[in-house]
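> quick one, what's the 3D model for this:
(4 chains)
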Number of protein chains: 2
Amino acid sequence: MITVAIAEDHQSLSDGIHLLLEYEEDITLIGHATDGEVLLDLIRKKTPDVILMDIKMPKIDGIVATRLIKKEWPHIHIIAFSMFDQTSAVTQMLDAGVSGYLLKNSPLEEVLNAIRAVVDGKEYFDASINIASLRQDAEQSQKKPLLSKSEREILKLIGQGKTTSEIADIRFTAVSTVEKHRKNMIRKLGLSGKGELLRYALERKYNFE
Amino acid sequence: MITVAIAEDHQSLSDGIHLLLEYEEDITLIGHATDGEVLLDLIRKKTPDVILMDIKMPKIDGIVATRLIKKEWPHIHIIAFSMFDQTSAVTQMLDAGVSGYLLKNSPLEEVLNAIRAVVDGKEYFDASINIASLRQDAEQSQKKPLLSKSEREILKLIGQGKTTSEIADIRFTAVSTVEKHRKNMIRKLGLSGKGELLRYALERKYNFE
DNA sequence: GGAAAAATACCCATTGAGGGGTATTCTTGA
DNA sequence: TCAAGAATACCCCTCAATGGGTATTTTTCC
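A predicted model of the protein is given here:
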């Protein structure tokens, strides 16, 4: 018997999976959580074989929750279940230790395939995710992160709506230095035009990077 | 017998509803669509009594689709089914003519209650939506929309990353006119500083306003 | 220890976005 | 029909954000 837990903040979807699993002889749903904290409590009480993990969740998100769980219970198989097929979301979940990645706009039956695959020790990725090329990208980007430490820090502040001079004050550096970092980032990221860096920084926030 | 169609771009959720409805004697699912265009095709072939309508959909979104459908088939009951409980999303769907509004983080059983309520000629709103106060707000804002037509149009283009001169080209107006509209919007919205309007426009995209 | 990469800081320049006006024409609703 | 609000278009001015350089000091890593 395979025991499964669901971490998903949309209860309607969680209920749908519940209905699906009810008619499977070899799978039992042991509980569901609507946020990362509740999930951790749940696991402490009843350790499941498999967790279906949403990325976007209140309190503790799926990426952090996966890291915590794999650290303490490395034998639990975690399958990411997300709306996002962006490279960054997938690589971060891979890095956190998931054994599979499903998309919410795929058929629900995929869930069954994925659960059975991961308890068999295999991995299971949605067909629309090119897992091989992602792994390669991940390796490269580990060695050469596109943006440097200072640059990422400044980008974050830009995303918070800070201006160049405000950022210079915060970081105790000259305005010209911040300007230089901005220009370097624009070059590295292949952007152009005035608002592009702000746009990039803002979109970042919704893109898991 | 109640006939139902689903418009939902996350197939997993749509599959879940399918499972739920399968065991209801008085309800038949006649089809599901993953975008607004497919939905319209579907309705032309088999007219359902009720449509469960997601707001976020490719091609034609739920708001536009609802308007189109209520115009041509006013007897079809439409229930919005969304992740968002923001005022703006709800009021826009109300305005478009929905008879109910469900949230995805509510139990799936709510779907059954809602379907049965709307075929009875009643309305059905998720408990966490304060429908009375929303209706009042909607009345007021109908008389005085904050931004005018041109302003909203320009804001949308700003959100798409267009610069003032590009927007002027697109709209066949002078650059100075677009600048004037920008300034008026900044004043109306109580913004300040250089990137604020872009920031506002970008955040809007995730907030349905 | 020494080279490469990152961080620092400055120079020059252009331009887009805003702040604050005024004025004319077009629409729209009471 | 007539006034209010919207849309159009121009004026002035400032300043932050780029684009494109150079140079020095730290860090980091082989």
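> A:D61 and A:D54, how far apart?
Using Cβ to Cβ, to the nearest Å, one gets 9 Å for the distance from A:D61 to A:D54. (Glycine included, C-beta is placed from N, CA and C.)
> mind checking which of those two has more residues around it?
A:D54 (25 against 18; other Cβ atoms under 10 Å in any protein chain shown).
> A:I115 sits in which helix or strand?
helix A:109-119 (DSSP states H and E).
> pull out the buried positions in that helix.
A:110-112, A:114-119 (16 or more other Cβ atoms under 10 Å in any protein chain shown).
> quick check, central residue of chain A?
The centroid of chain A falls nearest to A:A89 when counting by Cα atoms, centre = their mean (4.1 Å).
> may I see the buried residues of the helix or strand harbouring that one?
Assigned by DSSP H and E, A:A89 belongs to helix A:87-96. Buried residues in helix A:87-96, counted by 16+ other Cβ under 10 Å: A:87, A:89-94, A:96.
> what are the buried residues along stretch A:53-73?
Going by neighbour count (16+ other Cβ under 10 Å), the buried part of stretch A:53-73 is A:53-57, A:60-63, A:65-70.
> worst-scoring helix or strand of chain A, pLDDT-wise?
Lowest by mean pLDDT, DSSP states H and E among the helices and strands of chain A is helix A:131-143, with a mean of 61.
> downstream of that one, the next helix or strand is which one?
Remark: after helix A:131-143, the chain's next helix or strand is helix A:149-159, criterion DSSP H and E.
> near chain B at all, the helix holding A:I115?
Yes. Against chain B, helix A:109-119 shows contacts by Cβ under 8 Å from any Cβ of the partner chain at A:109-111.
> tell me how many other residues crowd A:K194.
Residues near A:K194, counting by other Cβ under 10 Å, number 12.
> once you drop chain neighbours, what's closest to it?
What sits nearest to A:K194 in space, not counting adjacent residues and going by Cβ to Cβ, 6 or more residues apart in numbering or on different chains, is B:T163, at 6.9 Å.
> next, count neighbours for the one you found.
16.
> now do the phi/psi pair for it.
With angles defined as degrees, to the nearest 10, B:T163 sits at phi -90, psi 170.
> in contact with it, which residues?
A:193-195 (Cβ atoms under 8 Å, 6 or more residues apart in numbering or on different chains).
> remind me, longest helix of chain A?
When every helix of chain A is counted residue by residue (DSSP state H), the longest turns out to be helix A:175-189.
> so which of the buried residues of stretch A:53-73 is the closest to DNA strand D?
Distance to DNA strand D across the buried residues of stretch A:53-73 (Cβ to the nearest atom of the strand) is lowest for A:R67, with 22.1 Å.
> using the three-state scheme, assign that closest one.
Here A:R67 takes the helix state, with states given by DSSP: H, G, I helix; E, B strand; the rest coil.
> so what's A:G161 closest to, chain neighbours aside?
B:R199 (6.1 Å).
> so the one you found is in which element?
In this structure, B:R199 sits in helix B:196-205 according to DSSP H and E.
> hang on, isn't A:P58 packed against A:V38?
No. The criterion here is Cβ atoms under 8 Å, and A:P58 misses it with A:V38 at 9.4 Å.
> show me what the helix holding A:I115 is in contact with.
With Cβ under 8 Å, 6+ apart, helix A:109-119 has contacts from A:2, A:4, A:17, A:20-21, A:24, A:27, A:49-50, A:52, A:77, A:79, A:81, A:99-100, A:102, A:123-124, A:126, B:12, B:15.
> tell me the pLDDT at A:H18?
On pLDDT, A:H18 comes in at 92.
> thought it was touching A:I30?
No. The criterion here is Cβ under 8 Å, and A:H18 misses it with A:I30 at 11.3 Å.
> for the closest residue to A:K46 other than its chain neighbours, phi and psi?
Nearest residue to A:K46, sequence neighbours excluded (Cβ to Cβ, 6+ apart): A:I30, at 4.9 Å. Dihedral angles of A:I30 (phi, psi; degrees, to the nearest 10) stand at phi -100, psi -10.
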